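S.K.: predicted model follows, preceded by the sequence.
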Amino acid sequence: MNILFVCKYNRFRSRFAETLFKKINKKHKAKSAGIIKGSPIDKTIKTLANEFNVEIKRNPQTIDHKLLKWQDMIVIVADDVPKSIFSNSKKVLVWKIKDVHKPDNKKRRMLVNRIYKRVKRLSGELK
């Protein structure tokens, strides 16, 4: 199964969901994208990724036709992305996860832990 994790800018929430999913589940494929092109990822997010033993390499990307064609399931890892824009997609899950707009590592860690739990549950359901 091909899973596309989506958030608004593909800078934090969907990126962590993708990298954590790839770490946990080797059977299915995962990618991530945003509905709006985000600015490059700052050092604090990369440092936080290292704490969770994952690496975030590429710059944020936006959803395109190729990604939409590739996916079997979309997981919206955001509370600010409407499900309705994916009405033609096969399966859409929504995890209402708020963004952290200021560099607050305590809140970011809490969000990553929350995303990790959701990813782990999803991975278990797909086996």
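M.R.: Good, I have the coordinates. Residues are numbered from 1 along each chain as shown.
S.K.: and the pLDDT at residue 1?
M.R.: You'll see residue 1 listed with a pLDDT of 95.
S.K.: my read: it touches residue 31, true?
M.R.: No: in this structure, residue 1 is not within contact of residue 31 by Cβ atoms under 8 Å, at 12.0 Å. From N, CA and C alone the C-beta is placed, and that goes for glycine too.
S.K.: higher neighbour count, the two?
M.R.: residue 31 (19 against 12; other Cβ atoms under 10 Å).
S.K.: give me the element the more buried one is part of.
M.R.: Residue 31 is located in strand 29-34, with elements delineated by DSSP states H and E.
S.K.: how about residues contacting that strand?
M.R.: The contact list for strand 29-34, computed with Cβ atoms under 8 Å, 6 or more residues apart in numbering, reads 1-11, 14-15, 17-18, 21-22, 60-64, 67, 70-71.
S.K.: continuing past that strand, what's the next helix or strand?
M.R.: The helix or strand immediately downstream of strand 29-34 is helix 43-51, counting by DSSP H and E.
S.K.: quick one: mean pLDDT over the following helix or strand past that next one.
M.R.: Counting by DSSP H and E, the next helix or strand C-terminal to helix 43-51 is helix 65-70. Across helix 65-70, pLDDT averages out at 95.
S.K.: again, but for stretch 94-107
M.R.: For stretch 94-107, the mean pLDDT works out to 86.
S.K.: which of the residues in it are buried?
M.R.: Along stretch 94-107, these residues count as buried under the neighbour rule (16 or more other Cβ atoms under 10 Å): 94-95, 97, 99-100.
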